[in-house]
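K.L.:
below are the sequence and a predicted model; questions follow.
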Amino acid sequence: MLIDELVHTCAHEEVAKAAVFSLGLPFAGKVASAVQFRDQSIGAFVAQAVCRFAATAKDDERQSLLAAMTGKDQPLLAGLHFILVPVLEDEVRAIGHAAAAHALGRPITAQLEA
């Protein structure tokens with residue numbers, strides 16, 4: 001039930017953006033850094049991450065998410081944080097690979113597609 005509520009609310013870009021800022025400016029800054037290389041708003045990035053999790057998460061991932069949310073004062077924000085941390089880690093790796101490719105003179109877009 002909590003997961004459904006998280007997906008239902010954070011699938012909307014404006015709600016997703018507000019929720020990220022509710023997690024604090026340092027975390028919101030990390031999200032903003034991740035999306036600066038995309039043609040995407042913070043809200044769109046977060047909403048897509050939540051929807052992707054809902055569509056692709058395995059049962060054990062859903063159980064881990066539920067565990068991260070259960071008993072928290074703000075379970076939806078805890079769940080959003082749980083979903084976004086690995087997504088941000090992936091973005092940092094992609095940005096790092098793109099920067100390295102650029103420094104080596106390779107096209108950034110080709111490196112991101114690899």
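P.N.:
Perfect, thanks for sending it. These numbers come from a predicted model, not from an experiment.

K.L.:
for this structure, what are the low-confidence residue spans?
P.N.:
Residue ranges of the chain with pLDDT under 70: 97-114.

K.L.:
show me the residue sitting in the middle of the protein in space.
P.N.:
L84 (3.3 Å; CA atoms, centre = their mean).

K.L.:
next one: the host helix or strand of V20 to chain centre, how far?
P.N.:
If you go by DSSP states H and E, V20 is part of helix 13-22. In terms of CA atoms, centre = their mean, to the nearest Å, the centre of helix 13-22 is found 11 Å from the chain centre.

K.L.:
touching that helix from outside, list them.
P.N.:
9-10, 27-28, 31, 41-44, 46-47, 50, 74, 76-77, 80, 84 (CB atoms under 8 Å, 6 or more residues apart in numbering). (Glycine included, C-beta is placed from N, CA and C.)

K.L.:
kindly export it (C-alpha atoms) in PDB.
P.N.:
Output of helix 13-22 as PDB, limited to C-alpha atoms (Å, rounded to 0.1, in the frame of the first residue of the first chain):
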ATOM      1  CA  GLU A  13       6.600  15.800 -11.900                       C
ATOM      2  CA  GLU A  14       5.700  18.700  -9.600                       C
ATOM      3  CA  VAL A  15       5.000  16.500  -6.700                       C
ATOM      4  CA  ALA A  16       8.300  14.600  -7.300                       C
ATOM      5  CA  LYS A  17      10.200  17.900  -7.400                       C
ATOM      6  CA  ALA A  18       8.700  19.100  -4.200                       C
ATOM      7  CA  ALA A  19       9.400  15.800  -2.500                       C
ATOM      8  CA  VAL A  20      13.100  15.900  -3.500                       C
ATOM      9  CA  PHE A  21      13.400  19.400  -2.000                       C
ATOM     10  CA  SER A  22      11.700  18.000   1.100                       C
END
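
K.L.:
so how far is P75 from A68?
P.N.:
9 Å (CB to CB, to the nearest Å).

K.L.:
can you report how many residues neighbour R93?
P.N.:
Look at R93: counted by other CB atoms under 10 Å, it has 10 neighbours.

K.L.:
what strand or helix carries it?
P.N.:
Going by DSSP H and E, R93 is part of helix 75-103.
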